[in-house]
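> Sequence and predicted structure below; questions after.
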Amino acid sequence: MDVFLDPSVGRSKTAALFDQLRDAIVTGRLAVGDTLPPSRTLAAELDVSRTTITTVYGRLAAEGYISGRTGAGSTVVYRHGSPNRTTRAPAALRPVNLGVVAASDWSLGGFDNVEPTFDLRTGRPDPALFPLIDWRRAMNDALHTLPGSYRNPAGQPTLRRALARWVGRSRGVEADADQIIVTAGAQQGIDLVGRLLIRPGETVAVEDPGYPPVSNLFKAQGATVVPTPVDRDGIQVEHLPADTRLVYVTPSHQSPTGAVMSLQRRAALLDFAETNDVAIIEDDYDSEYRHSDRPLEPLYRLDRHGRVIYVGTFSKTLSPSLRLGFLALPPSLLDDAIALRSLMDWQPPEASQTALHRFIVDGHLDRHLKRTRRDYTQRYALVTEALHAAADHGHIQTPPPHHAGLHVTAHLNDGVTEHDVRTNASLAGIALGNYRQCWQGDPTGEVLLIGFGATSTDELPKALDALLQAITTANER
């Protein structure tokens with residue numbers, strides 16, 4: 001650790017050095033077993049006499065902070081407690097956006113960092129399906145080039161072209177390469193759009209129930225977040241406030257209900273946006289995984305007035321830890337969005353961009369999606385079959401239709417609560433999604449969110465057996 005002696009301070013060097021070392025030990029910056037520098041070395045570094053250092057070390061040893069042995073140096077023996085510091089923050093350092101749910105509350109699903117036996121939480125792909133060999137090869141190729149200087153804040157031109165071609169081919173999103181901005185996952189893209197378009201106090205409409213991290217993000221930006229109900233056709237446009245500035249939707253696989261926004265509802269939302277001068281964020285977070293039915297055209301493709309911002313992510317298809325996503329923006333927003341992106345973190349990491357470009361153009365992404373679609377569809381079939389069997393036995397209501405994504409919903413019987421089932425499930429080592437936490441207003445109905453991305457196909461039947469037992473137990477109370 002660094003030690004500082006200020007010659008302008010009117011106190012002895014011995015006292016100043018003793019106080020610094022003792023403070024480092026008491027607060028834990030120097031832990032039990034750490035060795036202090038030899039007295040001769042420290043004396044040379046601080047330009048003081050060796051006698052000063054030995055005096056300080058002797059006092060520390062006498063007071064029980066260190067132990068010195070000939071030939072072994074001076075070692076810390078004091079085990080620190082909690083540092084004696086005030087917990088009251090200065091007014092300037094107190095958060096102004098209070099009441100925002102911590103990210104950990106959403107992501108942990110109530111398990112407090114303890115890995116469950118069966119992970120049935122939502123939004124989690126299977127790490128075992130990650131294409132490690134192909135990704136490692138792409139990353140190794142990327143690292144053969146020396147890192148450059150600052151680059152385009154929107155991302156590498158080659159990657160933006162590859163993303164534009166891929167999303168056009170896979171999702172029908174017609175965007176030129178210069179309309180693509182590479183982001184650190186979907187959340188950074190949504191953050192950028194909110195910063196760009198929303199003034200404090202302006203209205204942002206979100207789906208209710210919806211995706212909590214995005215609602216909380218808009219609140220943290222100072223927006224007035226208005227929960228808007230959803231039904232089997234998606235967000236109910238007639239409930240959108242006339243003063244809405246921005247609407248956030250997940251039309252391809254509504255989070256968390258799984259509803260697919262109907263074509264009529266999509267047209268109504270676009271008409272509302274044009275009539276009321278509203279922007280729309282279309283979060284297409286997991287539509288690459290469709291298990292039945294044909295996908296509907298994205299809002300971005302249907303938009304004729306440049307009001308839709310399309311958000312894509314590789315968190316579900318590859319891994320959330322890669323932090324790779326992108327925006328497809330209307331041309332009118334590009335310059336300002338790129339300028340704002342440069343103020344946030346300037347640019348995406350160069351090696352990750354190069355690796356993703358290689359991964360796409362070499363065909364690895366398409367092959368990976370083909371493999372994982374097959375696996376996830378098999379898991380989807382296992383889950384839906386188990387839920388329909390549970391409904392036949394009267395343990396849950398008839399499951400609603402699901403067509404895409406990595407989770408499904410199960411509606412519980414009257415008198416059975418999500419809390420009861422999640423409690424029973426946690427005792428059996430099962431982690432589930434949290435439906436109640438997805439609501440801005442009061443929840444309606446008792447629903448389970450069941451993810452099947454993170455549990456292997458071989459383990460899933462055992463997880464479902466344990467979950468159905470937890471549901472059965474809740475019904476018997």
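Everything's here; your move.
> part of a helix, is R22?
Yes - the assignment for R22 is a helix, going by DSSP: H, G, I helix; E, B strand; the rest coil.
> Please name the residues that touch L468.
Shown in contact with L468 (CB atoms under 8 Å, 6 or more residues apart in numbering): 386, 390, 395. In this view, the C-beta of every residue, glycine as well, is placed from N, C-alpha and C.
> now, among those residues, which is nearest to V230?
Nearest to V230 among these: A390, at 24.4 Å, using CB to CB.
> mind exporting stretch 37-44 as PDB, just the C-alpha atoms?
Taking C-alpha atoms only, stretch 37-44 is exported to PDB below (Å, rounded to 0.1, in the frame of the first residue of the first chain):
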ATOM      1  CA  PRO A  37       7.900  -3.600   4.000                       C
ATOM      2  CA  PRO A  38      11.300  -4.100   5.500                       C
ATOM      3  CA  SER A  39      12.300  -1.100   7.500                       C
ATOM      4  CA  ARG A  40      15.300  -0.300   5.300                       C
ATOM      5  CA  THR A  41      13.100  -0.400   2.100                       C
ATOM      6  CA  LEU A  42      10.300   1.800   3.600                       C
ATOM      7  CA  ALA A  43      12.900   4.300   5.000                       C
ATOM      8  CA  ALA A  44      14.400   4.700   1.500                       C
END
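> buried ones in it?
Buried residues in stretch 37-44, counted by 16 or more other CB atoms under 10 Å: 37, 39, 42-43.
> show me where pLDDT drops low in the stretch 1-150 of the chain?
Residue ranges of the stretch 1-150 of the chain with pLDDT under 70: 1, 7-10, 70-71, 80-89, 93-114.
> mind running it again at 50?
Applying pLDDT under 50 to the stretch 1-150 of the chain flags residues 82-83, 103-105, 107-112.
> D458: neighbour count?
The number of residues packed near D458 is 7, by other CB atoms under 10 Å.
> Would you agree it falls within a strand?
No - with three-state DSSP as the criterion, D458 is assigned coil and is not in a strand.
> mind listing what it touches?
So D458 contacts nothing (CB under 8 Å, 6+ apart).
> For the stretch 251-400 of the chain, which segments count as helices?
For the stretch 251-400 of the chain, the helices defined by DSSP state H, counting those that start in this stretch occupy 263-276, 299-302, 334-344, 350-361, 364-392.
> Kindly report the same for the stretch 101-250 of the chain.
For the stretch 101-250 of the chain, the helices defined by DSSP H, counting those that start in this stretch cover 103-108, 132-142, 157-171, 185-197, 212-220.
> partners of the longest strand anywhere in the chain in the sheet?
As assigned by DSSP state E, the longest strand anywhere in the chain is strand 224-231. Its sheet considered, strand 224-231 pairs with strand 203-208 (parallel), strand 234-235 (antiparallel) by DSSP bridges.
> Quick check: which of the helices of the stretch 251-400 of the chain is nearest to D420?
Nearest of these to D420, taken as CB to CB: helix 364-392 at 15.2 Å.
> before we move on, back to that, need the helices of the stretch 251-400 of the chain in TSV (columns: mean neighbour count and mean pLDDT).
Output for the helices of the stretch 251-400 of the chain, formatted as TSV (neighbours: other CB atoms under 10 Å; pLDDT from 0 to 100):
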stretch	mean neighbour count	mean pLDDT
helix 263-276	17	96
helix 299-302	21	94
helix 334-344	15	94
helix 350-361	21	95
helix 364-392	17	96
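> can you tell me which of the ones you listed comes nearest to V226?
Using CB to CB, the helices of the stretch 251-400 of the chain put helix 263-276 closest to V226, at 13.2 Å.
> Which residues are in contact with W439?
W439 neighbours (CB under 8 Å, 6+ apart): 208-209, 227.
> now do E446
411-412, 416-418.
> what's the pLDDT at the nearest residue to it once chain neighbours are set aside?
Leaving out its chain neighbours, the residue that sits closest to E446 by CB to CB, 6 or more residues apart in numbering is L412, at 4.2 Å. Here, the pLDDT recorded for L412 equals 96.
> check contacts around L412.
396-397, 418, 421, 445-448, 471, 474 are the contacts of L412 under CB under 8 Å, 6+ apart.
> Swap in 10 Å and give it another go.
395-397, 418, 420-421, 435, 445-448, 471, 474-475 (CB atoms under 10 Å, 6 or more residues apart in numbering).
> Mind checking which of these are in strands?
447-448.
> Which one of the contacts of L412 is nearest to I360?
Nearest to I360 among the contacts of L412, counting by CB to CB, is Y435 at 34.9 Å.
> Just give me the neighbour total for the closest one.
If we define neighbours as other CB under 10 Å, then Y435 has 23 of them.
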